[in-house]
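K.L.:
just to be clear, the model below is a prediction. Sequence and coordinates:
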Amino acid sequence: MKRLFLLVSLLVLSKFSAQTWATEDQYIQRFAQYAVEEMEKYKIPASITLAQGLLETGGGQSRLAQEGKNHFGIKCKEDWTGKTMKHTDDAPNECFRVYDDPRQSYEDHSIFLSTRKYYTNLFNLDMKDYRAWAYGLKKAGYATNPRYASILIGKIERYKLYEYDNTNSSEVLYAVLRMYPDLKDDRSFMAKLEPSKATPKREPVTVTVPYKQTTFAQQQKRVERIKSKAEILNSILILSHPNEGLKYIVIPEDTTVKFIANKFKVSESRLMKWNELDSDVLKKNEIVFLESKNSTGNTATYKVASGEDMHAIAQKFGVKLNKLYAKNRMDEGQQPSAGQLIYLIDKKPRN
């Protein structure tokens, strides 16, 4: 029995390791090629790109990297027309880009840096001066973490990522092998070093699939698998908001304030007050706080998306609505326009 359990465990572990990157070294081995290719095209140090990828994905383990193949946490923005996914970062359910392949994420990261005016000065720096690039990114506002530059530099120096700044795309695999000599025993890696062999082109084969009618019993089973509205509502989980861990929930199906109040043992009046509600009807995907919101946000500013009002922004960032109006010197009830910059921490300066 013990041997059987061990065998099953090894099979599960091997399947899991094939789909993820268990260490930062494995991440580097897999994506150094992409970073060097981007360096050749866009003049961004490969060491910087790799260090950012390591940090943003937690060595390839983040949900964005695993599910969205998004390795740099790039949000949708107004010019994105591709696939998207919701993820909590500065606020709940923020929109992030989804890629079909990590290579697309690497190129989009390069395009992002090379076409945004905030990063123009970076390209005046020596491409092999990774320290200057790290501090330049922080100065340009790429990240809010005050230690962002030193964290990047730490990863670059720990893993000697600067070595990839001195190679080209045709030599990356040999550079990786020099850094990780044990890979010489890895058949799949060594196979990449061999010249590719052309494979004969095969003509597509047409397969005829007979129509199969779904029986009533099969339809019934599908219906049974669908959760009822009550089951969905009863499975709501309390979440921790990025703004100082405020307790909140996301409404999975249309319901009422009374239902939420009864479920979480909070008075209806408090829920109405904390969330500045003018109706007891709660819509699907609406954010509801289970405690009083904060007077300030966890990020400095936010650019309004099409169709958003001040209440939606206040809920997204866990800020009291009246405080949000005050910070932006707007009259209560006044609504922002798409693209407008909303201040979440400091008051909007007077003209």
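P.N.:
Okay, I see it.
K.L.:
for the chain, which residues score under the pLDDT cut-off?
P.N.:
1-22, 195-229, 347-351 (pLDDT under 70).
K.L.:
mind redoing it with 80?
P.N.:
Along the chain, segments meeting pLDDT under 80 span 1-22, 77-79, 88-91, 144, 185-186, 188, 192-235, 237, 346-351.
K.L.:
got the domain ranges for it?
P.N.:
20-193, 230-289, 301-343 (automatic domain parsing).
K.L.:
adding distance to residue 295, write those out as a markdown table.
P.N.:
For the C-beta atoms, the positions are set from N, CA and C on the backbone; glycine is no exception. Shown next, in a markdown table, are those (distance: least, CB to CB, whole Å):
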| stretch | distance to residue 295 |
| --- | --- |
| domain 20-193 | 16 |
| domain 230-289 | 10 |
| domain 301-343 | 5 |
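K.L.:
next up, the contacts around the residue lying closest to residue 135 once chain neighbours are set aside.
P.N.:
Spatial nearest neighbour of residue 135, excluding adjacent residues (CB to CB, 6 or more residues apart in numbering): residue 149 at 4.6 Å. Counting by CB atoms under 8 Å, 6 or more residues apart in numbering, residue 149 makes contact with 134, 135, 137, 138.
K.L.:
the last one touches residue 148, doesn't it?
P.N.:
Yes: the pair formed by residue 138 and residue 148 meets the contact definition of CB atoms under 8 Å, at 4.8 Å.
K.L.:
so where does the residue nearest to residue 135 fall, helix or strand?
P.N.:
Using DSSP states H and E, the element containing residue 149 is helix 148-158.
K.L.:
neighbours of the nearest residue to residue 155 once chain neighbours are set aside, how many?
P.N.:
Of all residues not flanking residue 155 in the chain, residue 51 sits nearest, at 4.3 Å (CB to CB, 6+ apart). For residue 51, the count of nearby residues is 28 (other CB atoms under 10 Å).
K.L.:
got the CA coordinates for the strand or helix carrying residue 51 in PDB?
P.N.:
Applying DSSP H and E as the criterion places residue 51 in helix 46-57. Output in PDB follows, covering the C-alpha atoms of helix 46-57 (Å, rounded to 0.1, in the frame of the first residue of the first chain):
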ATOM      1  CA  ALA A  46      17.700  41.000 -20.800                       C
ATOM      2  CA  SER A  47      18.700  41.000 -17.100                       C
ATOM      3  CA  ILE A  48      16.100  43.600 -16.300                       C
ATOM      4  CA  THR A  49      13.300  41.800 -18.200                       C
ATOM      5  CA  LEU A  50      14.100  38.400 -16.500                       C
ATOM      6  CA  ALA A  51      14.400  40.000 -13.100                       C
ATOM      7  CA  GLN A  52      11.000  41.700 -13.600                       C
ATOM      8  CA  GLY A  53       9.500  38.400 -14.800                       C
ATOM      9  CA  LEU A  54      10.800  36.500 -11.700                       C
ATOM     10  CA  LEU A  55       9.500  39.200  -9.400                       C
ATOM     11  CA  GLU A  56       6.100  39.700 -11.000                       C
ATOM     12  CA  THR A  57       5.300  35.900 -11.300                       C
END
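K.L.:
now the helix or strand following it, how far from the chain's geometric center?
P.N.:
Per DSSP H and E, the first helix or strand lying C-terminal to helix 46-57 is helix 63-68. Distance of helix 63-68 from the chain centroid (CA atoms, centre = their mean, to the nearest Å) equals 7 Å.
K.L.:
identify all contacting residues around helix 63-68.
P.N.:
In contact with helix 63-68 (CB under 8 Å, 6+ apart) are residues 20, 56-58, 60, 70-71, 73, 85, 87, 96-99, 102.
K.L.:
6 Å instead?
P.N.:
Under the criterion CB atoms under 6 Å, 6 or more residues apart in numbering, residues 57, 70, 71, 85, 87, 96, 98 lie in contact with helix 63-68.
K.L.:
kindly report the same for stretch 235-254.
P.N.:
With contacts defined as CB under 6 Å, 6+ apart, stretch 235-254 is touched by 90, 229, 232-233, 282-284, 286-291, 294, 298, 318.
K.L.:
gap between it and the chain center?
P.N.:
18 Å.
K.L.:
same thing with stretch 173-191?
P.N.:
For stretch 173-191, the distance to the chain centre is 30 Å (CA atoms, centre = their mean).
K.L.:
strands of the chain, start to end?
P.N.:
In the chain, the strands defined using DSSP state E lie at 84-87, 94-97, 239-240, 247-250, 255-256, 281-282, 287-289, 301-303, 341-343.
K.L.:
how about residues contacting the first one?
P.N.:
What that stands for is strand 84-87. With CB under 6 Å, 6+ apart as the criterion, strand 84-87 contacts 64, 68, 76, 93, 95, 96, 98.
K.L.:
got the CA coordinates for it in PDB?
P.N.:
Provided in PDB are the C-alpha atoms of strand 84-87 (Å, rounded to 0.1, in the frame of the first residue of the first chain):
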ATOM      1  CA  THR A  84      -8.900  39.400 -20.400                       C
ATOM      2  CA  MET A  85      -9.200  38.000 -16.900                       C
ATOM      3  CA  LYS A  86     -10.200  39.500 -13.500                       C
ATOM      4  CA  HIS A  87      -7.600  39.500 -10.800                       C
END
